[in-house]
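>>> Prediction below, plus the sequence it came from.
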Amino acid sequence: MIKHIALLFLILSFLTSCMKGQKVDLIVHNAKIHVMDDANSVYDAMAISDGNVVEVGAERQILNKYRSEEDIDALGKDVYPGLTDAHGHLLMYANQKLGVDLTGAKSMEEVIYRCEKYYAKSSNKFIVGGGWDQSLWPNESMPNNLELSKVFKNIPVCLYRIDGHAALVNDFLVKKAKITSNNVDGGEVKMEKGIPTGLLIDHAMNSISSFIPAYSQKQVKEAILEIQEELFQYGITGTHEAGIENKHIKLFKSLVASGKLKLELYAMLLNSADNRSFAVKNGPYRYRNLSIRSFKVFADGSLGSRGALLKKPYTDDHHSHGLLLTSVNEMRNVAHFCLKNGYQMNTHGIGDSANALILDIYKNAFKRNPDHRFRIEHSQVIDPSDFAKFSDYAVFPSVQPTHATSDQRWAEKRIGRERLVGAYAYKTLLSQYGMLAIGTDFPVESTNPFFTIHAAVQRKNQSNEPLKGFLAKEALSLEEVLRGMTIWAAFSSFQERELGSLEKGKKANFVIFSKPLESNPSFVQNYAWMTFIRGKKVFALDEL
Ligand SMILES: [Zn+2]
């Protein structure tokens, strides 16, 4: 009898628990959830608790097993892990937002006009701008400061090129910084008849930085949070910040501590003594959603300003091979330092020579730790004979597909048809390493990930140029580019156990897209319908 009562009790309690279901914080159902696991599973529903995915599965399975106060009917929409921009610059973008925006200016006259308009409204006694691109101007030649210095005689003016690798400064700054000669290691002061033209390339820009006043911390923080909102509307829940100074660690920490910066932030440290001390003291560092365990090093400059280091001279400048910005010896030292302290090394490499030098340095890293995950940021122009080294030494390519479609207007002019074979070669790079980290390099390019998808899959810009796609055989599939912005981006930052897919136990960072996520020959803009970080809604389109 007692046996029977016990059995009955057991059955009853089992039944009531089924009816009630296990309590979770949130259920998303009637969805098309792309888990981004190895099997490429797609499910209808997901249960979330304490910021983590509890289970993904079929609609009935999840609704029968769990109950929650909040549940979202996703109306059959596509759900993906929150996107990661694996290479961007929040700080640079924040500074750009606070200064004059010169993107898309069609001439030097327009650049000056925008500066005048900005200055008339600004309370700052200086002008810093960014975003000009001489390839959009009538004669496409690099500018000088003659007109700029006439208009702004008594305040510092510094205008960065869109790639951040060149700046045009007025004579006021040239004199303040006592720039007289073209003697700069890893940089160049452009001269005309022995006089500086105000155009500074790469390391030559270092001489002026101390003469430009900084914006207040409050201004910078507000601008960063504004950018965060911009990212959320696209379903971006994480960024890899490509290079910060020591003082910025504090800035990001305080933003994270206040709970206002919600993005999963993977910040790369610039190579400085202060930052090395930080790495020695802390090792791989974690503070809530801020992760720091990598160094960003510049091997060379950019192709747009002819700072990219090439094996053979530029096709449109036979005297120049570009610039080596960090000596091979120093890069070796950084690699050694990173391996010793459990850090990753992410080196900016655009030209084929820069990439070859980096690959050789990483060869030694591979010998010491086959899972080093050292990255080459951009991996832009590769000598075809060097591709195999990406797989031989397990080098992680980090690419920004919109660079291909932005540069396609002039890339052949710079490096010639022959070298284009190994340029913006994302499919080839993917076949070597098996993964890509994909980003935008904002503010050099737009934060809009749908431009990235279009550039990677269709090899076209948002105006659908060029018609047949630029170097179209290097196109990625939609799934590949999405992996590059989710699970592979997580791998490229040692966070694959927590981020990048919607598997059980991982952070519930996800986006429900407004429209089906697909790639068409003609560009279609999409938006997040809702964006979630750690189970909390951070953006909803209909709440705008
Ligand atoms: Zn960058």
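Structure's in. What do you need? Please read all numbers here as calculations on a predicted model, not as lab measurements. Numbering: from 1, shown residues only.

>>> looking at this protein, which helix or strand does the model trust least?
Least confident helix or strand, the chain: helix 2-20 with a mean of 54, by mean pLDDT, DSSP states H and E.

>>> how far away is residue 228 from residue 46?
The gap separating residue 228 from residue 46 is 24 Å, by CB to CB, to the nearest Å. For the C-beta atoms, the positions are set from N, CA and C on the backbone; glycine is no exception.

>>> Looking at those two now, which is surrounded by more residues?
residue 46 (27 against 20; other CB atoms under 10 Å).

>>> mind checking the SS state of the closest residue to the ion within the stretch 201-350 of the chain?
As assessed by CB to the ion, the ion sits closest to residue 242 within the stretch 201-350 of the chain, at 4.4 Å. With DSSP: H, G, I helix; E, B strand; the rest coil as the basis, residue 242 sits in strand.

>>> all strands for the stretch 151-300 of the chain, in order.
Remark: strands assigned in the stretch 151-300 of the chain by DSSP state E, counting those that start in this stretch are 157-161, 166-169, 187-192, 195-202, 236-244, 264-270, 285-287, 290-298.

>>> Flag every buried residue along the third one.
Buried residues in strand 187-192, counted by 16 or more other CB atoms under 10 Å: 187-190.

>>> Residues in contact with it: which ones?
142, 144, 179, 181-182, 196-206, 323, 325 (CB atoms under 8 Å, 6 or more residues apart in numbering).

>>> rerun that using 10 Å as the cut-off
Strand 187-192 has contacts (CB atoms under 10 Å, 6 or more residues apart in numbering) with 142-146, 165-166, 168, 174, 179-183, 196-207, 301, 305-307, 320, 323, 325.

>>> May I see the PyMOL selection of the buried members of these?
Applying 16+ other CB under 10 Å to these, the buried members can be selected in PyMOL as follows:
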select buried, resi 142+143+144+145+165+166+168+174+179+196+197+198+199+200+201+202+203+204+205+207+301+305+306+307+323+325
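
>>> Just the contacts of strand 187-192: which are in helices?
Counting by DSSP state H, the part of those found in helices is 146, 174.

>>> what residues does this structure put near the ion?
Within the chain, the positions near the ion by CB under 5 Å from the ion are 242, 441.

>>> how many other residues sit next to residue 385?
Neighbours around residue 385, by other CB under 10 Å: 10.

>>> Find me the pLDDT at it, would you?
For residue 385, the pLDDT comes out at 98.

>>> Would you confirm that it contacts residue 421?
No. Judged on CB atoms under 10 Å, residue 385 makes no contact with residue 421 at a distance of 11.0 Å.

>>> Using the three-state scheme, assign the residue nearest to the residue of the stretch 201-350 of the chain closest to the ion when sequence neighbours are not counted.
Excluding its sequence neighbours, the residue lying closest to residue 242 (CB to CB, 6 or more residues apart in numbering) is residue 87, at 5.0 Å. Using three-state DSSP, the secondary structure recorded for residue 87 is strand.

>>> Check the gap between the closest residue to the ion within the stretch 301-450 of the chain and residue 404 for me.
For the stretch 301-450 of the chain, the residue closest to the ion is residue 441, as judged by CB to the ion, at 4.4 Å. Taking CB to CB as the measure, residue 441 falls 12 Å from residue 404.

>>> before we move on, what about residue 508?
Counting by CB to CB - residue 508 and residue 404 are separated by 33 Å.

>>> now do residue 240
19 Å.

>>> try residue 301
Taking CB to CB, one finds residue 301 at 18 Å from residue 404.

>>> How about residue 383?
From residue 383 to residue 404 the distance is 18 Å (CB to CB).

>>> low-scoring stretches of the stretch 301-450 of the chain, by residue?
For the stretch 301-450 of the chain, applying pLDDT under 70 flags no range at all.

>>> Excluding residues flanking it in the chain, which one is nearest residue 366?
residue 393 is the one closest to residue 366 (CB to CB, 6+ apart), at 4.1 Å.

>>> Tell me how many other residues surround that neighbour.
Other residues near residue 393 come to 20 when the count uses other CB under 10 Å.

>>> Same question for residue 149.
With other CB under 10 Å as criterion, residue 149 counts 18.

>>> mind checking which helix or strand it is in?
Using DSSP states H and E, residue 149 sits within helix 146-151.

>>> Which residues are in contact with the spatially most central residue of the chain?
Geometric centre of the chain, nearest residue: residue 87, 1.9 Å, by CA atoms, centre = their mean. Applying CB under 10 Å, 6+ apart to residue 87 gives the contacts 239-243, 268, 296, 346, 348, 375, 377-378, 398-400, 437-442, 444-445, 489, 492.

>>> Residue 167 contacts residue 130, correct?
Yes. Between residue 167 and residue 130 there is a contact under CB under 10 Å: 8.8 Å.

>>> which residues are in contact with both of those two?
158-161.

>>> could I get these as TSV with pLDDT, distance to residue 135 and neighbour count?
Conversion of the shared contacts of residue 167 and residue 130 to TSV gives the following (pLDDT from 0 to 100; distance: CB to CB, whole Å; neighbours: other CB atoms under 10 Å):
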residue	pLDDT	distance to residue 135	neighbour count
158	97	20	22
159	97	16	29
160	95	15	24
161	94	10	24
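
>>> Of all pairs in those, which one is the farthest apart?
Greatest spacing in these, by CB to CB: 158 and 161 (11.1 Å).
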